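Asks: let me see the structure of the following:
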Amino acid sequence: MDQITFKHDTVLSDVHMHLPNTHHLMTRLTSVGQPVFMSRFRILAESHDDSDSGKGLTNKKKHTSPRTDGVASHEQDEEEGSQGAVEPFLDEDGDLDVTHRPRNNSVDDGDRDLVCPIILQQSVPDLEQEEENDDSDQEEGHCSKDIIKIEHTMATPLEDVGKQVWRGALLLADFILSKPDMFRGATVLELGAGTGLTSIVMATTAKTVYCTDVGEDLLRLCSRNVSLNKHITDPAGGEVKVKQLCWLQHSLCTDADMEFSWTEEEVADLYDNTDFIIAADVCYDDDLTDSLFRTLYRLCSSFNRTCRVFISLEKRMNFSLRHMDVCCEAYNHFMHCLTQLQDLEDGQWRFTVEHVPLNFPQFLLYERIEQLELWKVTASSLAFEQTRSDSNFGCTKKSDAEQNRPTHQLDRS
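Replies: Below is the predicted model of the structure:
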């Protein structure tokens with residue numbers, strides 16, 4: 001641990017920018033020399049109402065401008081003066097001695113409103129005290145049930161950004177925590193899970209969560225985070241299974257000699273019982289986004305039931321030499337792929353797309369900026385819908401499309 005390796009194309013995490021260094025201490029180095037930090041995310045018992053959700057700020061008292069204060073004071077003085085004549089006070093030189101009413105919110109410039117920049121406050125106790133309490137709990141063998149512990153990096157090359165914590169994962173975690181009944185007892189697949197934070201939160205309500213990504217170093221980091229948070233998932237009865245799933249391959253790895261491979265039972269469970277697919281902040285590269293949507297289509301068209309997909313992302317603005325303007329090409333490409341999926345007509349599956357409003361409470365401490373978005377895709381089988389429609393009229397025979405539909409494979413082009 002004598003040398004930390006950084007490259008010229010290092011990508012910095014912005015989730016921990018506003019927290020003191022004491023709250024994410026380095027614990028070790030990865031096999032490639034990247035520093036690993038430990039952060040604690042507290043699940044807040046108190047959430048904001050709809051008017052404040054998504055702001056990440058406390059309610060601040062409204063400040064009246066000094067100009068308005070002056071008018072109000074003058075009117076009040078006139079009103080008080082009209083009630084009766086009061087002899088004015090004179091100083092020793094005979095000049096009128098005027099007593100000025102103090103103002104609670106005075107500023108130097110009378111033309112400006114008072115600005116109180118507060119970043120990330122949600123009526124929680126002092127974080128340093130929380131750290132001390134958590135450390136003492138760990139020494140006694142206990143850990144708070146509302147604390148999520150995540151090992152992560154904060155500076156990596158682009159190919160290793162999955163080792164960082166991103167706001168899209170925290171947004172999706174907020175959504176899961178706000179809809180426990182929706183995910184209760186479900187089988188869930190996460191694509192591009194990274195540090196595993198969202199899968200861990202999902203396991204507080206879902207039955208089985210397949211937490212997938214690629215790269216042994218990343219999957220080991222993810223697996224370690226799952227183990228660190230057994231105090232949250234075990235009482236809820238949820239199980240997180242860390243598995244390898246490459247979007248560029250058409251089959252799942254079932255080689256028992258390979259780490260993070262799938263068993264035949266897990267493959268069958270995935271295709272037979274998956275209710276939801278989730279993905280957080282994985283659409284930052286066009287080729288990666290194309291692979292994601294191809295994987296979504298292959299998976300959903302092989303499932304035995306309707307599946308709902310939730311994708312969170314952050315629109316990142318960059319200056320483009322091609323457009324000579326600030327734009328968000330990665331987001332534009334994501335929207336193009338989303339439209340293509342919705343317009344897809346293969347005679348077997350229907351994909352409907354919805355934008356999810358961010359009016360749900362915020363349970364985790366981060367800055368929910370306006371560039372964050374959440375999208376829902378519902379994949380439904382036309383053959384299943386037809387069969388269900390026919391059964392309502394006493395017809396139970398399966399359609400030809402349903403009989404010939406492949407199952408338990410990931411090789412649709």
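Asks: which stretches in the stretch 151-300 of the chain count as helices?
Replies: 167-178, 180-183, 197-202, 216-228, 230-236, 264-273, 286-300 (DSSP state H, counting those that start in this stretch).
Asks: send the alpha carbons of the third one over as CSV?
Replies: This means helix 197-202. Coordinates of each C-alpha in helix 197-202 appear next as CSV, following Å, rounded to 0.1, in the frame of the first residue of the first chain:
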residue,chain,number,x,y,z
LEU,A,197,-25.6,-0.8,-3.2
THR,A,198,-28.9,-0.9,-5.1
SER,A,199,-29.1,-4.7,-4.9
ILE,A,200,-28.5,-4.6,-1.2
VAL,A,201,-31.3,-2.1,-0.7
MET,A,202,-33.6,-4.2,-2.9
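Asks: got the contact list for that helix?
Replies: 41, 148, 150, 165, 169-170, 172-173, 176-177, 183, 188, 190, 193, 209, 211, 222, 225-226, 229, 232-233, 238, 240, 278, 280 (Cβ atoms under 8 Å, 6 or more residues apart in numbering). To be clear about C-beta, it is placed using only N, CA and C from the backbone, and glycine gets the same treatment.
Asks: if we can go back for a sec, the helices of the stretch 151-300 of the chain: which one's closest to Val309?
Replies: Between Val309 and the helices of the stretch 151-300 of the chain, the tightest spacing by Cβ to Cβ is seen for helix 286-300, at 6.3 Å.
Asks: from the contact counts, what lies against that closest one?
Replies: strand 187-191, strand 274-280, strand 307-314, helix 329-343, strand 349-356, strand 372-381 (3 or more Cβ pairs under 8 Å, 6 or more residues apart in numbering; DSSP states H and E).
Asks: by how many degrees do the last one and strand 307-314 diverge?
Replies: Going back to what we said before, that points to strand 372-381. 160 degrees (axes from the mean of the first three to the mean of the last three Cα atoms, to 10 degrees).
Asks: so who does Lys315 touch?
Replies: Cys328, Tyr331, Gln371, Leu372, Glu373.
Asks: how far away is it from Arg220?
Replies: 31 Å (Cβ to Cβ, to the nearest Å).
Asks: isn't Glu367 right next to Leu170, touching?
Replies: No. Applying Cβ atoms under 8 Å, one finds Glu367 not in contact with Leu170, separated by 9.3 Å.
Asks: looking at those two, which has the bigger crowd around it?
Replies: Leu170 (26 against 18; other Cβ atoms under 10 Å).
Asks: which SS state does the closest residue to the more buried one other than its chain neighbours fall under?
Replies: Leaving aside its sequence neighbours, Leu170 sits nearest to Tyr366 (Cβ to Cβ, 6 or more residues apart in numbering; 4.6 Å). Look at Tyr366: counting by DSSP: H, G, I helix; E, B strand; the rest coil, its state is coil.
Asks: where does the chain have low pLDDT?
Replies: 1-9, 16-25, 45-89, 91-143, 319-325, 384-413 (pLDDT under 70).
Asks: give me that answer again for 50
Replies: 1-4, 18, 20-23, 47-83, 106-110, 112-128, 139-141, 395-413 (pLDDT under 50).
Asks: may I see the buried residues of stretch 367-377?
Replies: Within stretch 367-377, the residues that count as buried by 16 or more other Cβ atoms under 10 Å are Glu367, Arg368, Leu372, Glu373, Leu374, Trp375, Val377.
Asks: dump those to TSV, plus distance to Cys300.
Replies: Shown next, in TSV, are the buried residues of stretch 367-377 (distance: Cβ to Cβ, whole Å):
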residue	distance to Cys300
Glu367	33
Arg368	29
Leu372	25
Glu373	21
Leu374	19
Trp375	15
Val377	8
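Asks: out of those, flag the one nearest to Val15.
Replies: Nearest to Val15 among those, with distances taken as Cβ to Cβ, is Glu367, at 8.5 Å.
Asks: using CSV, write out every CA atom in stretch 330-341.
Replies: Provided in CSV are the C-alpha atoms of stretch 330-341 (Å, rounded to 0.1, in the frame of the first residue of the first chain):
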residue,chain,number,x,y,z
ALA,A,330,-25.0,9.8,-24.2
TYR,A,331,-28.5,10.7,-22.9
ASN,A,332,-29.7,11.4,-26.5
HIS,A,333,-28.5,8.0,-27.6
PHE,A,334,-30.2,6.4,-24.6
MET,A,335,-33.5,8.1,-25.5
HIS,A,336,-33.1,6.9,-29.1
CYS,A,337,-32.6,3.3,-27.9
LEU,A,338,-35.6,3.6,-25.6
THR,A,339,-37.8,4.8,-28.5
GLN,A,340,-36.6,2.0,-30.7
LEU,A,341,-37.5,-0.5,-28.1
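Asks: please produce CSV containing the helices of the stretch 151-300 of the chain, extended by distance to Asp160.
Replies: Listed next are the helices of the stretch 151-300 of the chain as CSV, based on distance: least, Cβ to Cβ, whole Å:
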stretch, distance to Asp160
helix 167-178, 16
helix 180-183, 29
helix 197-202, 16
helix 216-228, 7
helix 230-236, 26
helix 264-273, 26
helix 286-300, 13
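Asks: so for Phe360, which of those helices sits nearest?
Replies: helix 167-178 (3.9 Å).
Asks: could I get that closest one in CSV with only the CA atoms?
Replies: Extracted C-alpha coordinates of helix 167-178, given in CSV (Å, rounded to 0.1, in the frame of the first residue of the first chain):
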residue,chain,number,x,y,z
ARG,A,167,-26.1,9.3,-7.8
GLY,A,168,-28.2,7.1,-10.1
ALA,A,169,-27.8,4.2,-7.8
LEU,A,170,-28.9,6.3,-4.8
LEU,A,171,-31.9,7.5,-6.7
LEU,A,172,-33.0,4.0,-7.6
ALA,A,173,-32.4,3.0,-4.0
ASP,A,174,-34.7,5.8,-2.9
PHE,A,175,-37.4,4.5,-5.3
ILE,A,176,-37.1,1.0,-3.9
LEU,A,177,-37.4,2.2,-0.3
SER,A,178,-40.5,4.2,-1.2
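Asks: okay then, goodbye and thanks.
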